[in-house]
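> Make a model of this:
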Amino acid sequence: MSGLFMATVIFVAVVAMIIAISKFKQHPFLVMVLVSIFVGLVCGMPANQVIKIVKDGFGSILSSIGIVIVAGTIIGTILEKTGAALVMANTILGVVGKARSVLTVSITGYITGIPVFCDSGFVILSPIARALADRSNTSLAVMATALSSGLYATHCLVPPTPGPIAMAGTLNADLGMVICVGLVVSIPATLAGFIYAKKVAVKYDIPANPEFTVEELMEKYGKLPGVVHSFAPILLPILLIAVKSLADFPSAPLGAGMVKSFASFIGDPVIALILGIFLAMTLIPVSEKKNTFDWMSEGVKNSASILVITGAGGSFGAILKTLPLAEALSSVLLSLSVGVFLPFIIAAILKTAMGASTVAMIVTSAMVAPMMPSLGFESEIGKALVIMAIGAGSMVVSHANDSYFWVVSQFSDMPTNIAYKCQTGVTFVEGVTTVIVVYILSLIFC
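Next comes the predicted model:
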């Protein structure tokens, strides 16, 4: 099967998906499952294998982030109902001011995305983004786009996230150099996301829709939670996940014994967020303790739609990963002499087709590794720049086959057509901005 045929089928499938969801208002779950089956069958997979891959893909993505989504939704529900989210928003606005609230969200995403997966980070931080949008009279689309792009920049470019670490290992790059270059290169990517949020996402008015105003909460509870207590259910999981990232670092800074095992266990996003739930429950006033079960049940119900849509996206991604797309690309693209743009192009095609940034990074780095001498990037800075180029390609673009697309859109009340304009658009801008910066650096240092 030719690469051109597969690319055509995938392109038609993605266009059909966008039209069905955006124009004809069909539910993304049904559309993506049907499109997944269609692509598999048209590309020559046996029918039984197609069904198995669709089911496995659905379950696989939920096994990795399903509990995180449910736990994060429960925490967000409790933070909103107790007024803790408003306390956090008021505190942030009191420090930075309304005029800088969007930039603050971008920077928060940039920092959080270093130790925390972008999916988990967005789930954890979305209550703050929603509350900030309400208190600063800003569209939730702006806050969500700024937060998403900040998280995405460091997730794709800075270890210890698995993709950059795997690329460093494959290309025998110095990890310290990759971290330093990644921290620098991800700054313009984050700024590009911030500007996109302010200039483009601002066109789409998505209300924050808080359940209660400050006045209503004060009348109901008498007082709001304290600042430290309000932030704790969000900061604790982030801190624990960061410690796990430190413990899992290749240099083993916490050793290989009990301390590392404990840090890796307690810092797993599932455990960290479950602990966050228990901490959030301490925010519930005594007079409302009887409603604890109902509030948690509401969080579970709110997560249901996110789970099924994310799972369907996993099915579509699994079908595309099964296709020999990388092999088909290699015969065409690896012969091109376009310098640092070559790894970017390969990663961008794989990412856009398959949906998984980490998979795109790993596959592209393996394809590019034998070509490093001919590309002229054998120095440590050269290897780091190639890794940045691959990371840039793995950002382009986040759409319906990417679980992160659905996490951002569903946690931000974005209709799918607006999510394409905000989330898909900002990831394209981030990726292109990053590869341009990498190209300039390659002219200077290589």
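> For stretch 264-281, what does the pLDDT average out to?
Mean pLDDT, stretch 264-281: 94.
> what does it rub up against?
With Cβ atoms under 8 Å, 6 or more residues apart in numbering as the test, stretch 264-281 has contacts from 65, 67-68, 71-72, 74-75, 78-79, 82, 84, 116-117, 120, 123-124, 232-234, 236-238, 240-245, 247-248, 292, 296. (C-beta placed from N, C-alpha, C; glycine too.)
> quick one: the helices in the stretch 301-446 of the chain?
325-333, 341-354, 357-368, 372-375, 380-393, 403-411, 416-419, 425-445 (DSSP state H, counting those that start in this stretch).
> average pLDDT for the last one?
When you say that, I think you mean helix 425-445. Average pLDDT, helix 425-445: 96.
> list the helices and strands that helix packs on?
Here helix 425-445 touches helix 140-157, helix 175-199, helix 341-354, helix 380-393, going by 3 or more Cβ pairs under 8 Å, 6 or more residues apart in numbering; DSSP states H and E.
> Send me that helix as PDB with only the CA atoms.
Provided in PDB are the C-alpha atoms of helix 425-445 (Å, rounded to 0.1, in the frame of the first residue of the first chain):
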ATOM      1  CA  GLY A 425      -4.700  26.600  15.800                       C
ATOM      2  CA  VAL A 426      -2.500  27.400  18.700                       C
ATOM      3  CA  THR A 427      -0.600  24.100  18.500                       C
ATOM      4  CA  PHE A 428       0.200  24.800  14.800                       C
ATOM      5  CA  VAL A 429       1.500  28.300  15.700                       C
ATOM      6  CA  GLU A 430       3.600  26.900  18.500                       C
ATOM      7  CA  GLY A 431       5.100  24.200  16.400                       C
ATOM      8  CA  VAL A 432       6.000  26.600  13.500                       C
ATOM      9  CA  THR A 433       7.300  29.200  15.900                       C
ATOM     10  CA  THR A 434       9.500  26.600  17.600                       C
ATOM     11  CA  VAL A 435      11.100  25.200  14.400                       C
ATOM     12  CA  ILE A 436      11.800  28.800  13.100                       C
ATOM     13  CA  VAL A 437      13.700  29.500  16.400                       C
ATOM     14  CA  VAL A 438      15.500  26.100  16.100                       C
ATOM     15  CA  TYR A 439      16.500  26.900  12.500                       C
ATOM     16  CA  ILE A 440      17.900  30.300  13.600                       C
ATOM     17  CA  LEU A 441      19.900  28.700  16.400                       C
ATOM     18  CA  SER A 442      21.200  26.000  14.000                       C
ATOM     19  CA  LEU A 443      22.600  28.800  11.800                       C
ATOM     20  CA  ILE A 444      24.400  30.300  14.700                       C
ATOM     21  CA  PHE A 445      25.700  27.200  16.500                       C
END
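> number of nearby residues for residue 97?
Other residues lying near residue 97 total 11 when counted by other Cβ atoms under 10 Å.
> nearest to residue 25, of the helices of the stretch 301-446 of the chain?
Comparing the helices of the stretch 301-446 of the chain against residue 25 with Cβ to Cβ, the closest turns out to be helix 416-419 (9.2 Å).
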